[in-house]
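J.: 3D model of this:
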Amino acid sequence: MGFFKKIFSREKKEKLDSGLEKTKSGVWDKISRAVAGKSKVDDEVLDNLEEAFITSDVGVDTTLKIIKRLEERVARDKYVGSEELNNLLCEEVTALLAEDVSRGDNQELGDFEVPRKGEPYVILVVGVNGVGKTTTIGKLAYQYAKAGNKVVLGAGDTFRAASIEQLEVWGERAGVQVVKQKMGSDPAAVAFDTVQSAKAQGADVVIIDTAGRLHNKVNLMNELSKVKKVMKRVLPDAPDEVLLVLDGSTGQNAYEQARQFAAATDVNALAVTKLDGTAKGGVVIGISDQMKIPVKYIGIGEGIDDLQIFNAREFVRSLFAKD
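T.: Coordinates of the predicted model:
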């Protein structure tokens with residue numbers, strides 16, 4: 001499948017392995033206990049694996065899908081030794097994530113390339129405070145600029161103290177322009193100015209921050225709808241992405257946030273952050289499977305270049321492959 005065929009460099013793989021080390025260690029401890037003393041994958045092993053996945057924040061529904069696949073595989077292959085389990089897991093979890101053919105991944109583009117359509121590619125970033133939203137925007141800006149794109153940021157979170165200054169710091173680090181107004185300004189006005197400025201400059205990518213409040217659904221919908229409406233006056237197709245940023249270290253709470261935001265606005269891409277500092281990285285598998293919204297970016301470190309385009313096959317291999 002084209003979704004899994006992009007070139008994944010050794011450097012990226014090493015960073016991914018390092019960033020997922022805590023999760024991998026936790027998962028493998030549980031898997032090792034599940035197969036201890038067993039020569040083959042039997043019903044008892046599968047029951048133990050089910051518990052291991054659920055306690056690794058993969059989620060109940062996704063865990064049951066994985067176990068069903070393993071059961072079918074064991075029945076088909078008649079005998080599957082416990083030593084083969086890691087390869088089996090890689091194959092079946094990757095196949096599960098590949099089944100949703102509408103994942104939104106553009107198979108013709110490399111990492112941090114954007115469609116060349118004669119106007120800026122607009123990313124509207126949403127998420128609650130504390131998930132790493134502004135940091136993710138800064139890292140995205142750096143990566144897109146590094147890939148040769150002209151990037152403009154919009155400081156649309158005009159309510160949180162110091163959020164504008166924080167985005168300006170990231171803009172300086174990434175070497176990109178930040179469009180801002182004073183604190184308390186209308187976020188829609190900031191979005192309009194940002195998109196208008198980017199279009200006039202011939203920018204390739206626009207990334208707009210939003211207030212990190214998960215207030216009631218009606219207010220959230222109204223606020224984001226207004227932001228999107230004013231952008232469309234300049235670019236009728238904007239935004240190209242509504243990117244929801246989630247904190248991977250919160251486990252199943254991240255999935256609940258994803259559900260609430262998806263119900264409130266048209267989220268079409270996800271970024272899962274802080275995976276390097278947690279053993280709960282399995283939540284990425286559950287979110288990817290359950291939300292039917294593509295996980296597009298993952299944060300695997302604190303460095304400005306520690307943000308990757310999500311590659312499901314390599315992610316699964318980092319978790320389950322012994323090597």
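J.: tell me if I'm right that residue 95 and residue 69 touch.
T.: Yes. Between residue 95 and residue 69 there is a contact under CB atoms under 8 Å: 7.3 Å. For every residue, glycine as well, the C-beta is placed using N, CA and C.
J.: list the buried ones in the helix or strand containing residue 145?
T.: According to DSSP states H and E, residue 145 maps onto helix 133-146. Within helix 133-146, the residues scored as buried using 16 or more other CB atoms under 10 Å are 133-145.
J.: again, but for stretch 200-211
T.: 203, 204, 205, 206, 207, 208, 209, 210, 211.
J.: out of these, which sit inside strands?
T.: Members of these lying in strands (criterion: DSSP state E): 205, 206, 207, 208.
J.: pick the one among those residues closest to residue 158.
T.: Nearest to residue 158, judged by CB to CB, of those is residue 208 at 11.5 Å.
J.: my guess is that closest one contacts residue 156. True?
T.: Yes. Residue 208 is within contact range of residue 156, at 4.9 Å (criterion: CB under 8 Å).
J.: need the overlap of contacts for those two.
T.: Common neighbours of residue 208 and residue 156, using CB atoms under 8 Å, 6 or more residues apart in numbering, are 190, 191, 194, 227.
J.: take those residues and write them to a markdown table, including distance to residue 10.
T.: A markdown table is the format used below for the shared contacts of residue 208 and residue 156 (distance: CB to CB, whole Å):
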| residue | distance to residue 10 |
| --- | --- |
| 190 | 41 |
| 191 | 39 |
| 194 | 37 |
| 227 | 40 |
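J.: ok, of the residues you listed, which come out buried?
T.: 190, 191, 194, 227.
J.: centroid residue for this structure?
T.: Centroid-nearest residue in the chain: residue 271, 2.5 Å away (criterion: CA atoms, centre = their mean).
J.: show me this protein divided up by domain.
T.: 8-98, 121-311 (automatic domain parsing).
J.: between the two ends of stretch 286-303, how far is it?
T.: Its start and end residues considered, stretch 286-303 measures 26 Å (CA to CA, to the nearest Å).
J.: farthest pair within the buried ones among the shared contacts of residue 208 and residue 156?
T.: 194 and 227 (10.3 Å).
J.: re earlier: now the domains of the chain in TSV, with distance to residue 112 and mean pLDDT?
T.: Formatted as TSV, the domains of the chain follow (distance: least, CB to CB, whole Å; pLDDT from 0 to 100):
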stretch	distance to residue 112	mean pLDDT
domain 8-98	12	86
domain 121-311	4	91
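J.: in the longest helix seen in the chain, what counts as buried?
T.: Looking across the chain with DSSP state H, the single longest helix is helix 60-77. By neighbour count, with 16+ other CB under 10 Å as the criterion, the buried positions of helix 60-77 are 62, 63, 65, 66, 67, 69, 70, 74.
J.: how far does it sit from the chain's center?
T.: Centroid separation between helix 60-77 and its chain, computed with CA atoms, centre = their mean, to the nearest Å, is 25 Å.
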